[in-house]
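Colleague: Sequence plus predicted model, see below.
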Amino acid sequence: MKTKITIVGGGLSGSLLAIYMAKRGFQVELFERRPDMRKTAIYQGRSINLALSTRGLNALAKIGLDTEILADAIPMYGRMMHSKTGELSYHAYGKQGQAINSVSRGRLNQKLIELADGFENINIHFNARCIDVNIDEAKAVFELEDGTLHTVQSDRIIGTDGAFAATRGKLQITDRFNYSQTYLHVGYKELAIPAGENGSFLLEKNALHIWPRGSFMMIALPNPAGDFTCTLFFPYELFDRLQTDKSIVDFFEQEFADAVPLMPTLLADFKQNPIGNLVTVKCYPWVKADKIALMGDAAHAIVPFYGQGMNCSFEDVVVFDQMIDRFGDDWNAIFDAYQKERKPNADAIADLAVQNYYEMADKVADKHFLHKKHIEHELTELYPDKFKSQYELTTFSLSGYKYAWDQGQKNDVLLEKIIADGGEEKIKDAVYMEQLWHLIQ
Ligand SMILES: Cc1cc2nc3c(=O)[nH]c(=O)nc-3n(C[C@H](O)[C@H](O)[C@H](O)COP(=O)(O)OP(=O)(O)OC[C@H]3O[C@@H](n4cnc5c(N)ncnc54)[C@H](O)[C@@H]3O)c2cc1C
């Protein structure tokens, strides 16, 4: 008999997982709380676009979707920083040609659902909210649109129901389940810069724009129609202070003067759009026997400052699939190997993401930091085989996030040593560098 898998949550990771599992011939029942995203706009006001990079692309390539998604994406080759007085400074993300890609969350999810819908062995159930799970029997209970309850029995359940997963809630009350949830002190609000005439881009198109202001920041990512989605990351107590139209406009004019003339709907957007919360969720174990496993944000919600939440979730699916290759139909071994491989990496990207908040908001305006970044960039160009930056390892490679974290710590020691020795002139001297490589080994 075919292995039957219930997937709870048809977001980015759930729909991708359904396709991977169906390709193996399993019978997949995919349940999504919301209506069909191909017929309804469900993403308004919540991270409309996302940065897709190497790990996510690798996962999409395995189901033949990378080229199609990239065709509609906008490559962002670097960060464009906007100072308070409107000066611009640019920092490339990687080597020549390396970019992160701005993609529409809605379109990506729709594409995945569309592809999943084409498989005979995937049944998709929309408007079906998981309200209970019996782990030992791999049974899940769903509340349907008309209020009726529907119970599904399968061989195993995979919870891809996001940061506030109902499936995780059930694991949480089992023995020795570790759990922590930490909110960042800033929330976010989405705003807009519309396209110019004939769909032209009013800011540099191929960059991720950042207005770093120390305790808060705004960023903007380009969309194919010529507009930008801006996100203001802002401490809650400051949101509380912006209560009147005048205080909102004054604040923006003071902090983001170059952006305000490009934001005709600023006031309405600011007042209408919700404040989103940013949470890091860490938990373990992610599985119980061979019955239930958590994946994506359900296992590891992270803050968005490294642009890796989706990429990491997609990589979970790839690793899970590799474990099936390795262990065949020994599902206890598959589940256990999957969680052991992913947990340290998920913890590392969670910490990297929080660290990157402070880097983006504050340090990108700091001279010492920029000096280090400059040397780092030179090293990646001069010694591509010997030196890889933490950003490159995280964003443009498939090596573990944990490795990227560890290597970043070592790189920092090397960069500080170079600066203490008198700086960047010396790094072109291969003999000088030869004495230092041991610091990053
Ligand atoms: C502001 C912001 C910006 C971001 N930017 C980036 C970025 O640039 N790059 C990047 O890689 N990541 C980014 N992320 C992270 C990314 O959005 C998540 O990591 C990704 O969506 C995780 O996918 P998922 O499928 O695990 O969860 P989700 O996308 O949250 O999907 C979960 C699905 O489960 C459904 N669901 C929930 N509860 C139930 C239930 N009880 N029953 C049935 N269905 C249920 C939901 O409706 C949803 O469709 C960002 C996140 C935020 C908040």
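Modeller: Sure, I can see it. Residues are numbered from 1 along each chain as shown.
Colleague: Which residue ranges of the stretch 201-350 of the chain form helices?
Modeller: 236-241, 245-255, 266-272, 297-300, 309-327, 331-361 (DSSP state H, counting those that start in this stretch).
Colleague: Which positions within the third one qualify as buried?
Modeller: For helix 266-272, a neighbour-count test (16 or more other CB atoms under 10 Å) marks 266, 269-270 as buried. C-beta here means a position set from N, CA and C on the backbone, and glycine is covered the same way.
Colleague: want to throw these into TSV with distance to the ligand?
Modeller: As requested, the buried residues of helix 266-272 are exported to TSV (distance: CB to the nearest ligand atom, whole Å):
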residue	distance to the ligand
Leu266	19
Asp269	15
Phe270	16
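Colleague: quick one: which of the helices of the stretch 201-350 of the chain is nearest Lys170?
Modeller: In terms of CB to CB, the element of those nearest to Lys170 is helix 297-300, at 11.1 Å.
Colleague: helices or strands up against the closest one?
Modeller: Contacts defined by 3 or more CB pairs under 8 Å, 6 or more residues apart in numbering; DSSP states H and E place helix 297-300 against helix 166-172, strand 279-284, helix 309-327, helix 331-361.
Colleague: can you list those in JSON lines and add mean neighbour count and mean pLDDT?
Modeller: JSON lines is the format used below for these (neighbours: other CB atoms under 10 Å; pLDDT from 0 to 100):
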{"stretch": "helix 166-172", "mean neighbour count": "21", "mean pLDDT": "96"}
{"stretch": "strand 279-284", "mean neighbour count": "19", "mean pLDDT": "98"}
{"stretch": "helix 309-327", "mean neighbour count": "21", "mean pLDDT": "98"}
{"stretch": "helix 331-361", "mean neighbour count": "19", "mean pLDDT": "95"}
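Colleague: Could you save those as TSV and add columns showing distance to Ile302?
Modeller: Formatted as TSV, these follow (distance: least, CB to CB, whole Å):
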stretch	distance to Ile302
helix 166-172	15
strand 279-284	6
helix 309-327	5
helix 331-361	4
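Colleague: For Pro194, which of those is the nearest?
Modeller: Proximity to Pro194 (CB to CB) singles out helix 331-361 among these, at 24.2 Å.
Colleague: Okay, buried residues for whichever helix or strand comes after that closest one please.
Modeller: Downstream of helix 331-361, the next assigned helix or strand under DSSP states H and E is helix 367-382. Within helix 367-382, the residues that count as buried by 16+ other CB under 10 Å are 372-373, 375-377, 379-380.
Colleague: The closest residue to Thr85 other than its chain neighbours and Trp211, how far apart?
Modeller: In space, and not counting its chain neighbours, Thr85 is closest to Ala257: 7.8 Å by CB to CB, 6 or more residues apart in numbering. Distance check for Ala257 against Trp211: by CB to CB, to the nearest Å, it reads 10 Å.
Colleague: Compare the two (neighbour count), which wins?
Modeller: More neighbours surround Trp211 than the other of Ala257 and Trp211, with 22 against 14 (other CB atoms under 10 Å).
Colleague: ok, back up a step: name the nearest of the buried residues of helix 367-382 relative to the ligand.
Modeller: Nearest to the ligand among the buried residues of helix 367-382, counting by CB to the nearest ligand atom, is Lys373 at 20.4 Å.
Colleague: Kindly state the pLDDT recorded for that closest one?
Modeller: For Lys373, the pLDDT comes out at 88.
Colleague: before we move on, what about Ala365?
Modeller: Ala365 is given a pLDDT of 68.
Colleague: returning to that earlier point: now tabulate the helices of the stretch 201-350 of the chain in TSV and tack on distance to Phe396.
Modeller: Shown next, in TSV, are the helices of the stretch 201-350 of the chain (distance: least, CB to CB, whole Å):
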stretch	distance to Phe396
helix 236-241	34
helix 245-255	32
helix 266-272	33
helix 297-300	21
helix 309-327	11
helix 331-361	14
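Colleague: ok, which residues in the protein are in contact with the ligand?
Modeller: 8-14, 31-34, 47, 50-51, 129-130, 160-162, 166, 188, 276, 296-298, 304, 307-311, 313 (CB under 6 Å from any ligand atom).
Colleague: Quick check: ChimeraX command selecting the buried ones in those residues.
Modeller: To isolate the buried ones among these in ChimeraX, judged by 16+ other CB under 10 Å, type:
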select :8,9,10,11,12,13,14,31,32,33,47,50,51,129,130,160,161,162,166,188,276,296,297,298,304,307,308,309,310,311,313
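Colleague: Geometric centre of this protein: which residue is closest?
Modeller: A centroid search over the chain (CA atoms, centre = their mean) returns Gly309, at 2.5 Å, as the residue closest to the centre.
Colleague: Thanks again, I'm all set now.
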